[in-house]
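In: Sharing a model that was predicted from the sequence below.
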Amino acid sequence: MREDQVPPRRRCGAAIVYQRLLETDNAFRTHQLELDNFTVARSLNVTERLTGPVIIPVVVHVIWQTDEENISDAQVRSQLAVLNDDFRSRNPDRINVPAVWRPVVADTNIEFVLATTDPDGEPTTGITRTRTQRGAFRTDDTVKFRASGGVDAWPADQYLNIWVCDLADGLLGYAQFPGGPADTDGVVVLHTAFGTEGTARGPFNLGRTTTHEVGHWLNLFHIWGDSNDCSGSDQVDDTPPAQLPNFGQPTFPSVSCNNGPDGDMFMNYMDYVDDVAMFMFTRGQAARMDATLTRMRSGFLDLAVNQTPVAGGAPADNLSVNADTCE
């Protein structure tokens, strides 16, 4: 997306990649079915949930053609801080969640750190930089291979790979759901929608695009179920049905699919609203991510956890209620 443009609306390519894998990859279909069955079974027994934070080492691959696209280390770190605040429910704007849904706001117990050791055992900053001769990338995964102008993934069972680059077609990002090929596993984010400083631009300059895409990477679907007739489902019980994605900064309540009086949970990270309007994961979504880490991304449970996550904000248990907001 040249000429410093920012898409006027959020657009995510994860559903495109998901459908492509369902149609072309038998192993992915099998893995998704196994994970769905495991997720349902695990949801019936809360005593089997993981305890203690799960630490995810992250490698950020910066793919750049122009100097602006070669984002700073500080911009990368700002994104890690957002991920940790959002996934641990330490984000200050969580007070804007409508009162009806505050009881289901979740601390997912997942934290993210920039990797300190590369696949060869050498020290690393957790950031790689690759100059490319390609223009904007698409959902065809060319950004994930050095041979096609990107950079190869680090082992997907040890690192969350995030590629930051220029994207075409109005995309802010896309992710691969669990169970797909290891060499394309991870998240891709437009550099102007990554982090909170540097090239990040409103209305997608609070780091929530990466929060959204990492949600997909942990097996969360869009909250409206990617249908347009109220028949879709995100397979989570504590998120209400919604007809379509919400955009911009909706006013509560935003009713669809006979889901009044409270309407759509548009402030959920898995909707399409602007960064400033999304604040929460639910307990059901947290349980789904927990099942994913236990089953399909269990390699992360065996990694050393003696690293300090980048974080900001207040602890989740200090959540205060703002009765004048979003009601």
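Out: Sure, I can see it.

In: who's in contact with Tyr159?
Out: Contact partners of Tyr159, counting by C-beta atoms under 8 Å, 6 or more residues apart in numbering, are 57-59, 115, 153. The way it works is simple: take the backbone N, C-alpha and C, and place the C-beta from them, glycine included.

In: Would you check how far apart the closest residue in space to it that isn't next to it in sequence and Ser298 are?
Out: With C-beta to C-beta, 6 or more residues apart in numbering as the criterion, Tyr159 has its nearest non-adjacent residue at 4.8 Å, and that residue is Val59. Applying C-beta to C-beta, to the nearest Å, the value for Val59 to Ser298 is 19 Å.

In: Looking at the two now, which is surrounded by more residues?
Out: Comparing Val59 with Ser298 by other C-beta atoms under 10 Å, the one with more neighbours is Val59, at 24 against 11.

In: And the helix or strand hosting the more buried one, what does it pack against?
Out: Assigned by DSSP states H and E, Val59 belongs to strand 54-64. When contacts are defined as 3 or more C-beta pairs under 8 Å, 6 or more residues apart in numbering; DSSP states H and E, strand 54-64 packs onto helix 73-87, strand 110-114, strand 127-131, strand 160-165.

In: want to throw the ones you listed into a markdown table with distance to Ser227?
Out: Listed next are the helices and strands packed on strand 54-64 as a markdown table, based on distance: least, C-beta to C-beta, whole Å:
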| stretch | distance to Ser227 |
| --- | --- |
| helix 73-87 | 26 |
| strand 110-114 | 28 |
| strand 127-131 | 38 |
| strand 160-165 | 29 |
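
In: nearest to Gln32, of the ones you listed?
Out: Evaluated over the helices and strands packed on strand 54-64, closeness to Gln32 peaks at strand 160-165, with 19.1 Å, by C-beta to C-beta.

In: Could you check the angle the closest one makes with helix 73-87?
Out: 130 degrees (axes from the mean of the first three to the mean of the last three C-alpha atoms, to 10 degrees).

In: From Ala99, how far off is Arg42?
Out: 29 Å.

In: which residues in the stretch 151-300 of the chain form helices?
Out: Listed in chain order, the helices of the stretch 151-300 of the chain (DSSP state H, counting those that start in this stretch) span 208-217, 283-295.

In: what's the burial count for Gln158?
Out: By the other C-beta under 10 Å criterion, the neighbourhood of Gln158 contains 17 residues.

In: Also Pro250?
Out: 17.

In: Do I have it right that it meets Val273?
Out: Yes. Here Pro250 lies in contact with Val273, judged by C-beta atoms under 8 Å, at a distance of 6.4 Å.

In: Between the two, which contacts overlap?
Out: Shared contacts of Pro250 and Val273, defined by C-beta under 8 Å, 6+ apart, comprise Phe266.

In: before we move on, back to that, with Phe266 as the reference, name the closest of the helices and strands packed on strand 54-64.
Out: Nearest to Phe266, of the helices and strands packed on strand 54-64 and by C-beta to C-beta, is helix 73-87 at 16.0 Å.

In: how far out from the middle of the chain is that closest one?
Out: Helix 73-87 has its C-alpha centroid displaced from the chain centroid by 12 Å (C-alpha atoms, centre = their mean, to the nearest Å).

In: average pLDDT for it?
Out: Taken as a whole, helix 73-87 carries a mean pLDDT of 99.

In: now do stretch 282-301
Out: 96.

In: go on, stretch 198-210?
Out: So the average pLDDT for stretch 198-210 ends up being 98.

In: Buried residues in it, which are they?
Out: Within stretch 198-210, the residues scored as buried using 16 or more other C-beta atoms under 10 Å are 198-200, 203-210.

In: now stretch 145-158
Out: 149-151, 153-154, 156, 158.

In: distance between the ends of that stretch?
Out: Taking C-alpha to C-alpha, to the nearest Å, stretch 145-158 runs 18 Å from one end to the other.

In: now it: how far from the chain's centre is it?
Out: Counting by C-alpha atoms, centre = their mean, stretch 145-158 comes out at 19 Å from the chain centroid.

In: For the top helix by length along the chain, which helices and strands make contact with it?
Out: Longest helix of the chain, by residue count under DSSP state H: helix 26-43. Contacts defined by 3+ C-beta pairs under 8 Å, 6+ apart place helix 26-43 against helix 14-24, helix 283-295.
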